[in-house]
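[1] Quick one, structure for this:
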Amino acid sequence: MLILVAIVVAIAFFAVRSYNRLVALRNRFKNAFAQIDVQLKRRYDLIPNLVETARGYMKHERETLEAVIHARNAASHAEQRAASDPSDAGAMRALVGAEQVLTGALGRFFALAEAYPDLKANQNMAQLQEELASTENRIAFARQAFNDAVMLYNTARESFPTNLVAGFFSFSEAEHLIIEEPAEREAPRVSFGP
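    Numbering: from 1, shown residues only. You can find the predicted model right below:
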């Protein structure tokens with residue numbers, strides 16, 4: 001009888017320990033996404049200023065400017081959805097897709113802006129570009145930390161015998177935040193140097 005009680009206590013201890021570890025790992029990846037969230041919001045705040053600065057110089061490029069703003073708004077909406085639940089795989093995929101569209105629109109914007117020497121010389125534009133480049137680097141570091149936290153969580157969730165606890169308490173798999181196309185992995189080029 002004493003052995004049976006010891007086995008039940010050991011199983012209960014293991015289940016509680018595994019549950020608490022999964023909760024801690026889930027909270028870690030959610031916190032890591034919060035760091036991405038901060039940097040993405042910073043990026044989204046910079047883009048309208050960048051477009052507004054360029055608007056006076058690029059009067060005939062209205063379509064490109066509107067495409068950047070539209071992509072920024074779509075990415076911001078996708079980011080808000082993902083921020084509300086970083087464990088939602090659909091929201092994470094939507095965010096990746098929206099970010100890819102935004103990166104492409106910014107790439108076209110900067111390529112087009114190269115044709116405007118006065119815009120390249122604008123001090124405000126140069127400062128915004130520098131801030132955007134810095135923010136892109138911060139996003140990359142935050143994304144790496146998030147993906148590392150997701151990997152630890154998913155590994156713990158899938159490892160035996162913790163997977164029994166994960167299945168019983170419905171700990172779902174977390175989605176990595178990965179830009180899939182190699183061209184999309186690069187930060188938009190924001191240099192207007194000579």
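
[2] Contact partners for residue 81?
    Neighbouring residues of residue 81 by CB atoms under 8 Å, 6 or more residues apart in numbering: 88, 91, 94, 95. Placement of C-beta: from N, CA and C, glycine included.

[3] top of these by neighbour count?
    residue 95 (25 neighbours; other CB atoms under 10 Å).

[4] list the contacts for that one?
    Here residue 95 is in contact with 75, 78, 79, 81, 82, 177 (criterion: CB under 8 Å, 6+ apart).

[5] For residue 61, grab phi and psi.
    phi -110, psi 30 (degrees, to the nearest 10).

[6] the bottom helix or strand of this structure by mean pLDDT?
    Lowest by mean pLDDT, DSSP states H and E among the helices and strands of the chain is helix 117-121, with a mean of 82.

[7] how about that helix: buried residues?
    Neighbour counts over helix 117-121 (16 or more other CB atoms under 10 Å) mark 119, 120 as buried.

[8] CA atoms only for it, dumped as CSV, please.
    This file holds the C-alpha atoms of helix 117-121, laid out as CSV (Å, rounded to 0.1, in the frame of the first residue of the first chain):
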residue,chain,number,x,y,z
PRO,A,117,18.3,63.6,-55.4
ASP,A,118,16.6,66.3,-53.3
LEU,A,119,14.9,63.6,-51.3
LYS,A,120,18.2,61.8,-50.7
ALA,A,121,19.7,65.0,-49.4
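
[9] Show me what that helix is packed against.
    Helices and strands touching helix 117-121, as assessed by 3 or more CB pairs under 8 Å, 6 or more residues apart in numbering; DSSP states H and E, are absent.

[10] Quick check: what element follows that helix along the chain?
    helix 123-158 (DSSP states H and E).

[11] distance between that following helix and the chain's centre?
    Centroid separation for helix 123-158 versus its chain: 7 Å, with CA atoms, centre = their mean, to the nearest Å.

[12] pLDDT (mean, whole number) over it?
    Averaged over helix 123-158, pLDDT sits at 93.

[13] on that earlier part again, can I get the contacts of residue 81 in JSON lines including distance to residue 29 and pLDDT?
    Below are the contacts of residue 81 laid out as JSON lines (distance: CB to CB, whole Å; pLDDT from 0 to 100):
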{"residue": "88", "distance to residue 29": "12", "pLDDT": "90"}
{"residue": "91", "distance to residue 29": "14", "pLDDT": "92"}
{"residue": "94", "distance to residue 29": "18", "pLDDT": "94"}
{"residue": "95", "distance to residue 29": "14", "pLDDT": "94"}
